[in-house]
Structure formats: structure tokens, C-alpha cells
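K.L.:
please work out how this folds:
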Amino acid sequence: MGSLKEVRGRIASVTSTSKVTSAMRMVSAAKLRHAETAIAGYLPYEQKLTNILEDFLAFSADDLSIPLAQKRDIKRVAIVTISSNGSLCGAFNSNIIRKTEEVVAEYSVVLPSKDILIYPLGKKVAEAFIKRGIKPQGDYIALVEKPNYDGIAELADNLMNLFLTKQIDAVELVYNHFKNAAVQTMTRVQVLPMQPVTKSMTSSIIADYIIEPNSTWIVQKIMPKVVRLKLYSALLDSSAAEYGARTTAMQTATDNAEDMIQDLKLKYNKARQESITKEIIDIVGGAESLR
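P.N.:
I've put the predicted structure just below:
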């Protein structure tokens, strides 16, 4: 056991750390509420537009000529992966890096590394792949710091152009889905080519669409919007998951600090009692020797 001075110093240090982690938890919780509000206001539109597109693809795919839905042999793939720019958010970044590595390893079986393009949205995942000798396709740190539709739409348009010109044959998206503040689910989505969702004519309610001028024109207008919205939705989702993970991590750190403070105070009190007991023994011993 250290001296009383050392124990007091440790108590002061841990108390200071506890205040910092508590403040960071409150900041993350506030940002989480804003992120949840953004998702709640945005998802209904994205889901409805996606459902409309899925209806057209499911029941009219054979009659439509849809370039963004053309499935072909994959000779070059783009992987969009979303992490955070900062740390102190538990296993949030390590999970996304590990999942992306799994996707890369899966494609590496049939493709050379130069044909696997990584689009990292977030500083942590970009740094991780640079260390592994993989050059990121662009810098999107600012986009993760402050998610905005225009920025993600530009990336989506670039990916769609590469797909249409056959410079890439598939686009995959890897990110953390926000379930709640304590749980983030790893999610892998194929963005391009868009594939029709299998729907039953009897089990699903089929909307009676009035189409003008025709199905092909409608789908070709809707599909690019859905691709942009899908990427933007994932970015907002990942942002909420990040703040949820950070809130939980800082709460855990604060709780651990409080437990450590209690243990240190117990050690301090024991050391102080021992010191007082020794002083009393010395006083009594001295008095006895005088007699």
C-alpha cells in the first residue's frame, strides 16, 4: 500500500478523470438525441421511396431496361465503409474495420487487390487500411464529422457513374446500424447493382400505381435517388450508432472510475487508521517506559 500522499494523489487523479468522462457522456447523449431526431425525420421518406422502387423491380423487372440493376460478373468492386473520426467509443471502430477486412478477404479470393476499391467514410477506417497498404479512394473525414446530403450525393453519383461505365461491377456498403445506445449491429448491404426484392402477389399489398409516362422512365428517375438516399441513410445511422457507442463507453468509464475512487478511499482510510494506531502505540509505549 502506498503512502497517504500517494493515495490522495490517485484519488484526485481518478476523480478528475471521472468528471471528464461524465462530461463526455453528456455531450455524446445530447448529440445522440440530435442524430435520432434526424433519422426519425428522414427514414419515412427513404423507406417509402425504396418500397415504391422495390414494387416496380419485383413485378416489372423483366419488362424494364435498368442499367443500375444490370448484374454482371464482378471484376472490380467498390466497398464503402463508415467509421468515426475519433476514438473513445468502445469497439465501434474495431468492429467496422474487422467486418470490412472480412469483405475484402472474401473478394480477394477471386480479385487482385488493385480491383478492390475502398471508400472509407471516417478517419479511423481510412488510417487502418493505409497501414495495411491499401490506398483509400478519396478523403471523406469532413463528411462524417458533419453529415450532409450534398456530400454523400456527390459520392453516390460518382459510384453510379463508375458502375454505368463498367469501371466497377458492384458497390457494397458496410456500417454500424443503430439499434439502441448499447447495441450497434454490423450491416452489409449491396448498393449496386440493385436487385429486385422477391414479393408474393398474395401475401403483399400491391399498390395500384398510375404511371406516367411509363415504368422505365419512372424507375430510371427513382433509382439514382434511392442510391443516394441509401448512402445518406447509412451515414446518419452510423452517426447515431457512434454517439450511442460513445455514450455507453463513457458511462462505463465513469462507473469504473467511481468504483476505483471508492476502493482508493477505502485504502486511504485503512492506511490512515494504521498510521493513527502506530502513533497511539508509540505514545503508550513512551509513557510506559517513563514509568
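
K.L.:
how much space separates Lys270 from Ser238?
P.N.:
48 Å (C-beta to C-beta, to the nearest Å). Backbone N, C-alpha and C define where each C-beta goes, glycine included.

K.L.:
those two: which is more packed in?
P.N.:
Counted by other C-beta atoms under 10 Å, Lys270 and Ser238 do not tie: Ser238 has more neighbours, with 29 against 12.

K.L.:
only C-alpha atoms, please: export stretch 210-226 in CSV.
P.N.:
Taking Å, rounded to 0.1, in the frame of the first residue of the first chain, the C-alpha atoms of stretch 210-226 are listed here in CSV:
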residue,chain,number,x,y,z
ILE,A,210,-50.9,5.2,-62.1
ILE,A,211,-47.8,5.6,-64.2
GLU,A,212,-46.9,8.5,-66.5
PRO,A,213,-45.2,8.3,-68.9
ASN,A,214,-44.0,4.7,-68.4
SER,A,215,-42.4,2.3,-65.9
THR,A,216,-38.9,2.5,-67.4
TRP,A,217,-38.9,6.3,-67.1
ILE,A,218,-40.2,6.2,-63.5
VAL,A,219,-37.6,3.6,-62.4
GLN,A,220,-34.7,5.4,-64.1
LYS,A,221,-35.7,8.6,-62.2
ILE,A,222,-36.3,6.9,-58.8
MET,A,223,-33.3,4.6,-58.7
PRO,A,224,-30.5,7.2,-58.5
LYS,A,225,-32.4,8.9,-55.8
VAL,A,226,-32.7,5.7,-53.8
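
K.L.:
run the chain-centre distance for it.
P.N.:
Offset of stretch 210-226 from its chain centre (C-alpha atoms, centre = their mean, to the nearest Å): 32 Å.

K.L.:
begin at 425 from here
P.N.:
New numbering, starting at 425: the last item is stretch 634-650.

K.L.:
neighbouring contacts of that stretch?
P.N.:
470, 473-474, 476-477, 480-481, 484, 487-493, 580-581, 584, 618 (C-beta atoms under 8 Å, 6 or more residues apart in numbering).

K.L.:
same question, stretch 543-555
P.N.:
Residues contacting stretch 543-555 (C-beta under 8 Å, 6+ apart): 502-511, 517, 520-521, 524, 542, 560-565, 567-568, 579, 583, 659, 662.

K.L.:
tell me where the stretch 575-715 of the chain has helices.
P.N.:
Taking DSSP state H, counting those that start in this stretch, the helices of the stretch 575-715 of the chain run over residues 639-714.
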